[in-house]
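# Let's see this in three dimensions:
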Amino acid sequence: MSTLDEVGERDGWRCWLCDEPVDPDASVNADRGPSIDGGAGGKPSKGGKGRGRGRAPAGAAERLAHRACNTRKGAVAPVVPWRADLFVVDPAPIIPAVERLARSGGREVVARCPSRGDADEAAAWLVDRVSRLAPDLAVEAAVEPGGGQFLLVLRAP
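Residues are numbered from 1 along each chain as shown. Reported below is the predicted structural model:
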């Protein structure tokens with residue numbers, strides 16, 4: 001088991017769930033304070049038996065999270081939100097898409113965008129976000145025209 005400082009340094013002091021900064025000097029009892037999410041390799045949450053609802057993505061190790069984000073994740077399946085200012089239509093839930101790509105590779109259409117510029121901006125953000133969410137998964141994003149819109153596609157080997 002790693003120390004909070006080791007996990008925080010490795011994750012750049014950012015919460016893996018909400019992608020907001022975590023203050024390393026905040027109390028571990030404060031809602032925005034640092035905590036370690038045990039991930040798939042950690043102990044099951046209370047009442048849980050292994051990996052299932054409310055767990056980190058498959059293959060994830062210990063990750064840094066705000067205390068409140070980590071607590072909330074224990075009650076419901078974690079959700080990594082899309083950035084609010086991106087113009088995406090029908091965005092796919094990020095964690096399940098990443099889990100599928102980690103498990104079997106391939107490609108996943110994760111959103112539609114009305115313009116090429118919107119799709120390019122969303123693609124750059126998504127690759128950056130996935131790199132912090134699943135550091136061991138190499139993904140690339142592609143923008144493909146389709147049906148008068150642009151499809152945002154994630155690919156993994």
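
# can you tell me which helix in this protein is longest?
helix 116-133 (DSSP state H).

# Point out the other helices and strands that that one packs with.
On a contact count with 3 or more Cβ pairs under 8 Å, 6 or more residues apart in numbering; DSSP states H and E, helix 116-133 meets helix 94-104, strand 106-113, strand 140-146, strand 149-156. All C-beta atoms are positioned from the backbone trio N, CA, C, and that covers glycine.

# same question for stretch 103-121, mean pLDDT?
Per-residue pLDDT values across stretch 103-121 average out to 95.

# sorry, back to before: and of the helices and strands packed on helix 116-133, who's closest to L17?
Closest approach to L17 among the helices and strands packed on helix 116-133 (Cβ to Cβ): helix 94-104, 9.3 Å.

# Contacts made by that closest one with the rest, please.
Outside helix 94-104, the residues that touch it by Cβ atoms under 8 Å, 6 or more residues apart in numbering are 57-59, 77-80, 82, 106, 108, 110, 126, 129-130, 133-134, 137, 139, 154-156.
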